[in-house]
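Visitor: Just the structure for this:
(2 chains)
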Amino acid sequence: MFSITNLWSSTITVCATCSVKTIQQALDLAQDGDTIMVKKGIYKEANLKINKSITLIGEGLPTIDGEAKGEIITIGADNVTLDGFKIINVGVSYTTDYAAVRVVNSEGYTIQNLVLEKLFFGIYLQKSNNGKVLNNKVQGEAVTEFNSGNAVHLWYCKNVEVRGNDARNVRDGIYLEFSDNITIIDNFSKDNVRYGLHFMFSNNNTVVNNVFESNGAGIALMFSKFMHVENNVIKKNWGSAAYGLLLKEVTDVTLKNNIFMENTVGITVEGSNRLIYSHNNFTSNGYAIRVKGACYDNQIIDNNFLYNSFDISYNGRINDNKFDNNFWSNYTGYDLDKDGIGDVPYRPVKLFSYIVNRTPETIILLRSLFIDLIDFSEKVSPVFTPDDLMDENPRMKRIEHDRN
Amino acid sequence: MLKILKYSFYDLMRSRWSYVYFAFYLLLGVVLLFLNNDLSKAVITLMNVIIVLVPLIGTIFGVMYYYSSKEFTELLLAQPLKRSSIFLGQYLGVAISLSMSLILGLGIPFIFYGLFMSNAIWDFSLLLITGTFLTFIFTALAFNIALSNENRIKGFGYAILLWLFLAIIYDGIFLMSLIIFEDYPLDKLSLIGTMLNPIDLSRTLILLKLDISALLGYTGAVFKQFFGTSIGLIVSFFALTLWVLLPVLRIVFKAKRKDF
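Guide: Sure, this is the predicted structure:
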């Protein structure tokens, strides 16, 4: 009997002139496995609860207007597909995280081709595994952190694919907390108030081919392990507390083939061990890598450091990190044996960066002759900077990374 | 005044030093572009050269010209000419010919390299503008020193000292005072300290274009307003203009009263 009802799955059409005029009505009528087709139009509905395994498809991008009454769509069943809607006017609350689409304790969901505007939280996934969030466009109006939400928010989720989304002007573009094995690919995150991508206590995640531009900070990785961050472009994160990538208490992370461009700080790293930075390009940043302490056993190998005001900044005298085979545009050594490797080691930490760490106002003396002189004397005989912190094999030519 | 300007200018144009100066910048421009293959990187290197060498050459050349043309000046003073026009004419002659060597010497290799097609053109023009300002400022300061000192050796000594002070020692004192008073709010102090030294001012002006990302890393509101908006550019140019006008006024004032 049950299998027969599944085979007989029907399609319910919703439009202004059809017999079914509201999405709520259609949801009441639908059975597991049904498809609801929603025609173009504006549907002023909120608090839609999907508790059956159905497919909800919008034709010609129909608009669901929540009229700021609170949550708009809540999914509480497995194998639900939500495709092709414009969802606007989510209610803002300081006690409840209202979302345009919320998925609760469900599996196998697909949420795609949505356009979210005037939102608080966008897509909120809560204890929901094995799903997909694809090609959604989120345009917020966030100004401050405390009264705005995140575009894509994952809380206790596993095995989710977040691909091709576009998040702008929200608090965090993509936010993950206690979420493991998440794949984040081809997303674009711009002008967000806080972070483009934010990890908290999330392990074994992959971040590939994303672009983060002009956010408060590009990516914030905190308290997480075993991550792969590859082929991302992180640029133009400007401001006093802006970073391209913030690493705080993370371990075993691979950062490969990323481009950090024109950020105030390319990478700020604190309390993070066993990281591998390789084949990245750091171009025209204020600081390429700012090491704030308690970072051990990291490897910085085969990167290009191009025209940064400071390549590396340290605030201690202890160094347990390995710098090798990088190209430094500030390197002034020579290569007599013509093997492409400079004969004199390069010291990436300048004395001036220590002075700036101590008295930030002194930044105004950047590139003055006096500063060049003290930097030079420190380079000749290191007193303040870690004397073993150097790249023994600095390259003479810029590395052409193999990027696809 | 124009006649004297013209005379000084042509006199200098014919002199060997102008050619040496011009050739030096030409060579510098060519070598930088040849070695770097990157226009914007070359602009950064050039900045270092310009803020150090242009003041030095302006000072030395100004003092040298004043002393070597002293007899001619005395001859002119015997004629029915205004004193201010004699000295201003000479000053402008030196400053303009030096600026021309700078602009042509650096401009020609960069133009051949394809400056007009590149987006570094604004950085580059800013570089030349500040270079010209520095030439005018330091030639004026040099004339002041020479007018006040009959003794050539003393005059040269003071000129070198002036350059040394503004290019290096000033920054050292500035840095020390910032570190000593680090517990106090230093935003305004550091901006004022920059305004008081034309070399620092030019450097900051160019940094506004090149290293803005590092400068914005600092939280201070005064800093942010200065660096983040065009106010910084306007105020800096105003201060540079003031730096030209004040020494020039002193030349006029001093020349009127000086007993030859």
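Visitor: Which secondary structure element is home to the closest residue in space to B:L2 that isn't next to it in sequence?
Guide: Once flanking residues are discounted, B:L2 sits nearest to B:G89: 7.3 Å by CB to CB, 6 or more residues apart in numbering or on different chains. Any C-beta I mention is one placed from the backbone N, CA and C, and that applies to glycine too. Per DSSP states H and E, B:G89 falls inside helix B:83-113.
Visitor: hang on, the earlier thing: show the contacting residues for the residue nearest to B:L2.
Guide: Contact partners of B:G89, counting by CB atoms under 8 Å, 6 or more residues apart in numbering or on different chains, are B:M1, B:L2, B:K3, B:I4, B:L5, B:Y7, B:S8.
Visitor: between those, which has the most around it?
Guide: B:S8 (23 neighbours; other CB atoms under 10 Å in any protein chain shown).
Visitor: B:Q90 is in contact with that residue, correct?
Guide: Yes - taking contacts as CB atoms under 8 Å, B:S8 lies within contact range of B:Q90: 4.9 Å.
Visitor: Find residues that contact each of these two.
Guide: With CB under 8 Å, 6+ apart, B:S8 and B:Q90 have common neighbours B:Y65, B:S69.
Visitor: can you list the residues of the stretch 51-200 of chain B near chain A?
Guide: Residues of the stretch 51-200 of chain B that fall close to chain A, judged by CB under 8 Å from any CB of the partner chain: B:51-52, B:167-169, B:171-172, B:174-175, B:178-179, B:182, B:186-187, B:189-191, B:193-194, B:199-200.
Visitor: Please enumerate residues in contact with stretch A:9-26?
Guide: With CB under 8 Å, 6+ apart as the contact definition, stretch A:9-26 has outside contacts at A:29-41, A:43, A:45, A:48, A:56, A:64.
Visitor: Which of the residues you listed fall within strands?
Guide: A:T35, A:I36, A:M37, A:V38, A:Y43, A:L48, A:L56, A:I64 (DSSP state E).
Visitor: what does the stretch 251-400 of chain A have sitting close to chain B?
Guide: Neighbours of chain B within the stretch 251-400 of chain A, by CB under 8 Å from any CB: A:262-265, A:284-287, A:307, A:309-310, A:329, A:355, A:358-373.
Visitor: Is it possible to mark the buried ones in those?
Guide: Buried by 16 or more other CB atoms under 10 Å in any protein chain shown: A:262-265, A:284-287, A:307, A:309-310, A:329, A:355, A:359-372, out of these.
Visitor: Just give the closest residue to residue 62, not the sequence neighbours.
Guide: Looking at chain A here, since you left the chain open. Closest to A:P62 by CB to CB, 6+ apart is A:V38, at 4.9 Å.
Visitor: Hmm, no, I was thinking of chain B.
Guide: B:A142 is the one closest to B:G62 (CB to CB, 6+ apart), at 2.7 Å.
Visitor: Could you look up the SS state of B:F174?
Guide: Three-state call for B:F174 (DSSP: H, G, I helix; E, B strand; the rest coil): helix.
Visitor: Show the contacting residues for it.
Guide: A:L365, B:S190, B:G193, B:N197, B:D200.
Visitor: Counting neighbours, what do you get for the third one?
Guide: B:G193 has 21 neighbours, counted by other CB under 10 Å.
Visitor: Okay, and it sits in which element?
Guide: B:G193 belongs to helix B:187-195 when assigned by DSSP H and E.
Visitor: Name the surrounding residues that touch the next helix or strand after that helix.
Guide: Using DSSP H and E, the helix or strand that follows helix B:187-195 in sequence is helix B:198-210. For helix B:198-210, contacts defined as CB under 8 Å, 6+ apart pick out A:364-368, B:40, B:43-44, B:47, B:50-52, B:55, B:122-123, B:126-127, B:130, B:133-134, B:137-138, B:166-167, B:170-171, B:174, B:193-195, B:215, B:227, B:232-233, B:236-237, B:239-240, B:243.
Visitor: Buried ones among those residues?
Guide: Among the contacts of helix B:198-210, those classed as buried by neighbour count (16+ other CB under 10 Å) are A:364-368, B:43-44, B:47, B:50-52, B:55, B:123, B:126-127, B:130, B:133-134, B:137-138, B:166-167, B:170-171, B:174, B:193-195, B:215, B:227, B:232, B:236, B:239-240, B:243.
Visitor: Quick check: A:N129 vs chain B, distance?
Guide: 40 Å (CB to the nearest CB, to the nearest Å).
Visitor: Let me know the pLDDT of the closest residue to that residue other than its chain neighbours.
Guide: Spatially, and ignoring its direct neighbours in sequence, A:N129 is nearest to A:K158 (4.4 Å; CB to CB, 6+ apart). For A:K158, the model assigns a pLDDT of 94.
Visitor: Would you mind giving both backbone torsions of A:I301?
Guide: Dihedral angles of A:I301 (phi, psi; degrees, to the nearest 10) stand at phi -130, psi 140.
Visitor: Tell me what it is bridged to.
Guide: On the basis of DSSP bridges, A:I301 is bridged to A:S278, A:D324.
Visitor: now do the one 5 residues further on
Guide: Per DSSP bridges, the residues bridged to A:L306 are A:T283.
Visitor: Hmm, it is touching B:I44, no?
Guide: No - under the criterion of CB under 8 Å, A:L306 makes no contact with B:I44, lying 11.6 Å away.
Visitor: give the contact list for A:Y314.
Guide: By CB under 8 Å, 6+ apart, the residues touching A:Y314 are A:V291, A:V349, A:S353, A:Y354, A:T385, A:P386, A:L389.
Visitor: okay, now the fifth one: neighbour count?
Guide: Residue crowding around A:T385 was assessed by other CB under 10 Å; the count is 23.
Visitor: For it, give its distance to chain B.
Guide: A:T385 is 17 Å from chain B, by CB to the nearest CB.
Visitor: same thing with the fourth one?
Guide: Taking CB to the nearest CB as the measure, A:Y354 and chain B are separated by 11 Å.
Visitor: what's the answer for the first one, then?
Guide: Here A:V291 is placed at a distance of 15 Å from chain B (CB to the nearest CB).
Visitor: Surely that residue and A:I318 touch.
Guide: No - counting by CB under 8 Å, A:I318 is not a contact partner of A:V291; they are 10.6 Å apart.
Visitor: who's A:V269 bridged to?
Guide: With beta bridges defined as DSSP bridges, A:V269 has these partners: A:L247, A:V291.
Visitor: Could you check how many residues crowd around it?
Guide: 25.
Visitor: How about B:L104?
Guide: With other CB under 10 Å as criterion, B:L104 counts 14.
Visitor: so what's it closest to, chain neighbours aside?
Guide: Of all residues not flanking B:L104 in the chain, B:F22 sits nearest, at 6.4 Å (CB to CB, 6+ apart).
Visitor: What score does the residue of chain B most remote from its centre have for pLDDT?
Guide: The centre of chain B is farthest from one residue, B:D183, which by CA atoms, centre = their mean lies 34.0 Å away. Model confidence at B:D183, given as pLDDT, is 88.
Visitor: Assign it to helix, strand or coil.
Guide: With three-state DSSP as the criterion, B:D183 reads coil.
Visitor: show me what contacts it?
Guide: Here B:D183 is in contact with no residue (CB under 8 Å, 6+ apart).
Visitor: And B:L46, its phi and psi?
Guide: phi -60, psi -40.
Visitor: Is it correct that it is in contact with B:L32?
Guide: Yes - the pair formed by B:L46 and B:L32 meets the contact definition of CB under 8 Å, at 6.5 Å.
Visitor: Centre of the chain to stretch A:46-65, how far?
Guide: 28 Å (CA atoms, centre = their mean, to the nearest Å).
Visitor: Looking at the contacts of B:G89, which gets the smallest pLDDT?
Guide: Among the contacts of B:G89, B:M1 has the lowest pLDDT, at 70.
Visitor: Could you find the closest non-adjacent residue to that residue?
Guide: B:S85 (3.5 Å).
Visitor: Surely that neighbour is in contact with B:Y7?
Guide: No - judged on CB under 8 Å, B:S85 makes no contact with B:Y7 at a distance of 11.8 Å.
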